[in-house]
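Undergrad: no FASTA, just this:
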């Protein structure tokens, strides 16, 4: 075994002094950091133990638990899933899904069968007799046959963001019968070009209606719903190069519409010294509008797949707890991870995150390190045991509890639907009172006319230019809201929320950026649309439906700045506008899908 360590000390002040003017970091003046950050590269080497019993004996688990090796030579096994009597694993390197085969019924898997394959295939989940499979950019479904084979793959999504550093998508079907997909960041820390990067998105089971569910999540591979409450939790990978002890891995309560800090804020309110937020927003503001984790864990341990224990074979105190496979660090000395961890829940809430199965990381007498496994997948079997997948050696482990390990797991009741669905409402112009009107038009389309493709989501997705007359006396700011009342859900579908536009503006240019705080018009801010994104999202009605009507509504207010944060939702903006609207007007454009269905939304 060899030990490799690289220590880096970086002074932000020195970097700024040495860099040319054009390389200065972008952000609000006064936020630039003066910090020293020291990090390590230490990559343990693989250790091979050929005897199954000897290997299992090296793994340390709590008293009463047993470990056994149940499969070898399975390749780059990553995510695990169970359907009926069959166990499946995704393999990233081989770009396929395998079914583990136990021909003699002894609980060990002697062979495997490839049941599906596509480049980048990684996430796997089942809903009734349908399997859902995720690659970097696509989601496929297929029927599951009685023998555990899959039928023909059908693509239902083809436009997830490109992968970059975190290309391994995972997915699951929630208690609301919706499809949840993790989309990791493309980088360690950066400003993403796609609003769906570093998020969890949610869609209908046919892939339509996709929207951002939660954002600011660097790479939440493992997630799931706590059995008692039906609440969604996920384990997020912390940012690298913040030091050996930073950033802690995060265990987050993930709620619809919330953001979780990345890339500017990490773990419990710490500000990232490497990054400055967009102009017009301070790090403190970003922190105030971001959620902190419920509990944290040792930095760089790399949480992977997660499963909530729902069986009866383990002692009662383990029921409802989350078990997470930790693949292990490369950016820390000493190494962290290379284990299974347990998040202890009490009364439906996490109270502690600690070790459960250790011994996969080995330190020699000389201080160097090696690993027996890099764990990626974890799932619960029908008899209440845990299966673990090692993606480095192709080994599958089973953890059971004493003589009760073969006790049948009880089926937990379906958790309640805890997702937040907005109540139906009218278009914004019908929800506010104004004494005066303001003329509104667009150079791109006339009132009641078709909106050009360049302004549609499937076109350039460029916001159209709008013009309005001089606002009435006393106007301090302008608000723009774009609603589609013809959408099925939510109703109306909100395509754009723009507020704090200066009072002297008589229009906005075409193709505004999607930043939450704009420099042009200076001081303007953007809210969150119904797809969960900041800024404008163009028309995209379902194929085959008659043209939808898109209401571009403009409001003149006697407030210079609304008391809401950048990224606010339409309902919050409307509430803040109440009693302050001096004049209102709108121009209505129509849009109908022109071509064959592309499996996005």
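TA: Here it is on my side, so go on. Worth saying up front: this structure is predicted, and the values here are computed from it rather than measured. Numbering: from 1, shown residues only.
Undergrad: quick one: residue 474 from residue 582, how far?
TA: 6 Å (Cβ to Cβ, to the nearest Å). Backbone N, C-alpha and C define where each C-beta goes, glycine included.
Undergrad: Residue 54 now?
TA: 80 Å.
Undergrad: neighbour count winner among these two?
TA: The neighbour comparison of residue 54 against residue 582 (other Cβ atoms under 10 Å) goes to residue 582, with 19 against 10.
Undergrad: who's in contact with that one?
TA: Residues in contact with residue 582 (Cβ atoms under 8 Å, 6 or more residues apart in numbering) are 434, 435, 436, 471, 472, 474, 475, 556, 557, 558.
Undergrad: now, which of those lie within strands?
TA: In strands, defined here by DSSP state E, the members of the contacts of residue 582 are 436, 556, 557.
Undergrad: Can you name the residues bridging to the last one?
TA: Put plainly, it is residue 557. Beta-bridge partners for residue 557, by DSSP bridges, are residue 477, residue 581.
Undergrad: one step back: of all the ones in strands among the contacts of residue 582, which comes closest to residue 366?
TA: Nearest to residue 366 among these: residue 557, at 69.8 Å, using Cβ to Cβ.
Undergrad: Can you give me the first-to-last residue distance of stretch 307-318?
TA: 12 Å (Cα to Cα, to the nearest Å).
Undergrad: any idea how far it is from the chain center?
TA: 27 Å (Cα atoms, centre = their mean, to the nearest Å).
Undergrad: Buried residues, that stretch. List them.
TA: 307, 308, 309, 310, 311, 312, 313, 314, 318 (16 or more other Cβ atoms under 10 Å).
Undergrad: tell me which residues form a beta bridge with the first one?
TA: What that stands for is residue 307. Going by DSSP bridges, residue 307 forms beta bridges with residue 323.
Undergrad: Can you give me the distance of it to residue 334?
TA: Taking Cβ to Cβ, one finds residue 307 at 27 Å from residue 334.
Undergrad: surely residue 451 meets residue 550?
TA: Yes - counting by Cβ atoms under 8 Å, residue 550 is a contact partner of residue 451 at 6.4 Å.
Undergrad: Mind listing the shared neighbours of these two?
TA: The contact lists of residue 451 and residue 550 share 539, 589, 590, 591, where a contact means Cβ under 8 Å, 6+ apart.
Undergrad: So which of those residues sit within strands?
TA: With strands taken from DSSP E, the overlap with those comprises 589, 590, 591.
Undergrad: tell me the contacts of the residue lying closest to the first one once chain neighbours are set aside?
TA: In this case it means residue 589. Distance criterion Cβ to Cβ, 6 or more residues apart in numbering; nearest residue to residue 589, sequence neighbours excluded, is residue 451 at 4.0 Å. Going by Cβ under 8 Å, 6+ apart, residue 451 touches 444, 445, 464, 539, 550, 589, 590, 591.
Undergrad: what's the last one in contact with, if anything?
TA: When you say that, I think you mean residue 591. With Cβ under 8 Å, 6+ apart, residue 591 has these contacts: 450, 451, 456, 539, 541, 547, 548, 550.
Undergrad: number of nearby residues for the closest residue to it other than its chain neighbours?
TA: Nearest residue to residue 591, sequence neighbours excluded (Cβ to Cβ, 6+ apart): residue 539, at 3.7 Å. Counted by other Cβ under 10 Å, the residues lying close to residue 539 total 27.
Undergrad: measure residue 539 to residue 157 for me?
TA: Taking Cβ to Cβ, one finds residue 539 at 19 Å from residue 157.
Undergrad: Give the closest residue to residue 448 in space, chain neighbours not counted.
TA: Using Cβ to Cβ, 6+ apart, the nearest residue to residue 448 is residue 588, at 6.0 Å.
Undergrad: Is that neighbour bridged to anything, and to what?
TA: Note on residue 588: beta-bridge partners residue 551, judged by DSSP bridges.
Undergrad: just checking, it touches residue 550?
TA: Yes - counting by Cβ under 8 Å, residue 588 does reach residue 550; the two are 6.7 Å apart.
Undergrad: between those two, which one's more packed in?
TA: Legend: neighbour count by other Cβ under 10 Å for residue 588 and residue 550, higher for residue 550 (28 against 18).
Undergrad: Once you drop chain neighbours, what's closest to that one?
TA: residue 589 (5.0 Å).
Undergrad: which residues sit in contact with that neighbour?
TA: Counting by Cβ under 8 Å, 6+ apart, residue 589 has contacts 442, 444-445, 447-451, 455, 464, 539, 549-550, 552.
Undergrad: residues near residue 204, how many?
TA: Using other Cβ under 10 Å, residue 204 is surrounded by 14 other residues.
Undergrad: For residue 542, see how far away it is.
TA: Taken as Cβ to Cβ, the span from residue 204 to residue 542 is 11 Å.
Undergrad: all strands for the stretch 51-200 of the chain, in order.
TA: Here the stretch 51-200 of the chain has its strands, by DSSP state E, counting those that start in this stretch, at 65-71, 77-83, 86-91, 96-101, 111-117, 123-127, 130-134, 139-143, 154-157, 171-173, 179-183, 199-203.
Undergrad: same question, the stretch 251-400 of the chain
TA: Listed in chain order, the strands of the stretch 251-400 of the chain (DSSP E, counting those that start in this stretch) span 265-266, 270-271, 295-297, 303-308, 322-326, 339-346, 349-357, 361-363, 369-371, 375-380, 386-390, 396-401.
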